[in-house]
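Asks: Need the 3D shape of this:
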Amino acid sequence: MLELLKTVIQNCNGYGEVRYHHRIHTAIEARNSTLTKVEHRTLSGAGVRVLVDGCWGFVSTNDVSETGLKRALFEAETAAKTGAALRKTKVNLAPAAQAQGEFIYYEQSEEPDIATKIQTVLDAEEMIRKSSALVTGSITMYTQYEDEKFIVNSHGASTHILDNKPSFHVIATVARDDQLETGLKSVGVTGSWRDLLKQSDLNTLAKEAVELAIKKLDAGYAKGGQYTVILDPALVGVLAHEAIGHTVEADFVLSGSVVQGKIEQQVASKLVTMVDDGTVNGAVGMVLVDDEGVLGQKTTIIESGILKAYLHSRESASIFQAEPRGNARAFTYLDEPLIRMTNTFVLPGEDNLDDMIEGIKDGFLLKDLGQGGQADSTAEFMFGVAEAYRITNGKLGEMVKGVTISGQAFDVLKSVDAVSADFLMEMGAGHCGKFQLAKVDSGGPYLRCKVTVGGHHD
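Replies: Numbering: from 1, shown residues only. This next block holds a predicted model:
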């Protein structure tokens, strides 16, 4: 395939990029003792992008013969030439480290057949139902993206990529009298089926979902207000991705996000360093080569509280005179690459979690993303919290439910006065939905900071 793509790109009159993508998407779902979904879909084709006279042309095709690819290249060139006459601001590309050779993210030999996966999903769903007589609803879901890519461009990229991203969700609903509560647990990796099971035993995950739901039945509600809280690695990851990460994507910066013009300014506590790094082995946002053929690298976004960098494609990097580090990503061959995060996280510090709790007179320990949430380009956010525990006079107390947190993310980071040595990547089971889907990951240490806490009875 690489030789075919190289042959095609030789015919390009401008800068050309051909990206072949073959995907097997597997989705299995069991719900309330019934197998409700088994999907095993194949997607295959090529995205062809050409830059002529400062304007892009893009064509996708599922005809990956030499004739079909040359036709797509011609159509992309024609579109670019037509658009160039109308485009006032011309596109330029920053120099970038081009990927060459093979990049293998997982061992294909460790993948079992689909029957084994179906049975595992059914077993975990049964475990939910058997865990407690209070269970009234049970859902288990398995999703897998198994990808093969070949990318060639006019600037020297020539690479073959094998990538696999499986994830598992379990949802338990329990009831007592007229009260319903739900517990959700999930896990995701870049790697094989065996890697996923190493990350978390799925039956244990099912039991934890039930236990969480039952704990909520007995929990009271929090009183809203401003509090000193401790965010766990999952919530730190949500904050890093949703409320901070999107504001530093260069396309949003150019549109006027809150961090526009703030490079080298203090935006967080000196205790906070935050990075985006597609080279973290096994994390769901692992992207060793992006969809422009650029090698993935670590980007330090915030260093000791100082904003250091935005995230870039080659086009935006040219505008900002920056180095692209592998953040141009496309979900399928039908999509053009967009600026996207990979693995976005806050680096661990030196504090002890118990000591962090002891330092709070009246506050909360908050864990995991709950239902609902939003963030915008001003870094204002509101997230639901799955688990919340009172802290009174330095002692961890009872669980409360119905908690939301809100604030301006950079103000929250400025309030950080303790960062734990503990660290986890926690948010790889879902997707990021910026215009097109992407698999990402995020996490961090425990952070002690100030947020606005909302409860059901405010």
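
Asks: Flag the shaky bits of this protein, pLDDT-wise.
Replies: Applying pLDDT under 70 to the chain picks out residues 456-458.

Asks: Can you give me the buried ones in stretch 74-85?
Replies: Under the neighbour-count criterion of 16 or more other CB atoms under 10 Å, stretch 74-85 has 74, 75, 76, 77, 79, 80, 81, 84 buried. From N, CA and C alone the C-beta is placed, and that goes for glycine too.

Asks: Now find how far off-centre that stretch is within its chain.
Replies: Relative to its chain's centre, stretch 74-85 lies at 34 Å (CA atoms, centre = their mean, to the nearest Å).

Asks: Which parts of this protein are helices?
Replies: Using DSSP state H, the helices found in the chain span residues 2-9, 66-84, 114-131, 193-199, 202-217, 233-238, 250-254, 314-320, 353-358, 409-414.

Asks: looking at the ones you listed, which is closest to residue 286?
Replies: Of all those, helix 193-199 sits nearest to residue 286, with 11.2 Å by CB to CB.

Asks: wait, doesn't residue 124 sit right on residue 140?
Replies: Yes: under the criterion of CB atoms under 8 Å, residue 124 makes contact with residue 140 at 4.6 Å.

Asks: joint contacts of the two?
Replies: 30, 168, 170, 202, 206 (CB atoms under 8 Å, 6 or more residues apart in numbering).

Asks: so which of these comes closest to residue 154?
Replies: Nearest to residue 154 among these is residue 168, at 40.8 Å by CB to CB.

Asks: Show me the beta-bridge partners of the closest one.
Replies: residue 142, residue 187 (DSSP bridges).

Asks: what residues are up against it?
Replies: Applying CB under 8 Å, 6+ apart to residue 168 gives the contacts 124, 140-143, 186-188, 196, 200, 202, 205, 429.

Asks: switch the cut-off to 10 Å
Replies: Counting by CB atoms under 10 Å, 6 or more residues apart in numbering, residue 168 makes contact with 28, 117, 120-121, 124, 140-144, 185-189, 196-197, 199-200, 202, 205-206, 429.

Asks: Pull stretch 31-51 out as PDB, backbone CA atoms only.
Replies: In PDB, the C-alpha atoms belonging to stretch 31-51 read as follows (Å, rounded to 0.1, in the frame of the first residue of the first chain):
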ATOM      1  CA  ARG A  31     -29.100  -5.100  28.700                       C
ATOM      2  CA  ASN A  32     -31.200  -6.600  31.400                       C
ATOM      3  CA  SER A  33     -30.200 -10.200  30.700                       C
ATOM      4  CA  THR A  34     -30.500  -9.800  26.900                       C
ATOM      5  CA  LEU A  35     -27.800  -9.400  24.300                       C
ATOM      6  CA  THR A  36     -29.100  -6.300  22.500                       C
ATOM      7  CA  LYS A  37     -26.300  -5.400  20.100                       C
ATOM      8  CA  VAL A  38     -23.500  -7.100  18.200                       C
ATOM      9  CA  GLU A  39     -22.000  -5.000  15.400                       C
ATOM     10  CA  HIS A  40     -18.900  -5.700  13.500                       C
ATOM     11  CA  ARG A  41     -18.500  -3.000  10.800                       C
ATOM     12  CA  THR A  42     -15.700  -2.400   8.400                       C
ATOM     13  CA  LEU A  43     -14.800   1.000   7.000                       C
ATOM     14  CA  SER A  44     -12.100   1.400   4.300                       C
ATOM     15  CA  GLY A  45     -11.000   4.200   2.100                       C
ATOM     16  CA  ALA A  46      -8.600   7.100   1.600                       C
ATOM     17  CA  GLY A  47      -8.600  10.800   2.300                       C
ATOM     18  CA  VAL A  48      -6.700  12.900  -0.200                       C
ATOM     19  CA  ARG A  49      -5.700  16.400   0.600                       C
ATOM     20  CA  VAL A  50      -3.900  18.900  -1.600                       C
ATOM     21  CA  LEU A  51      -2.600  22.400  -0.900                       C
END
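
Asks: Okay then, goodbye and thanks.
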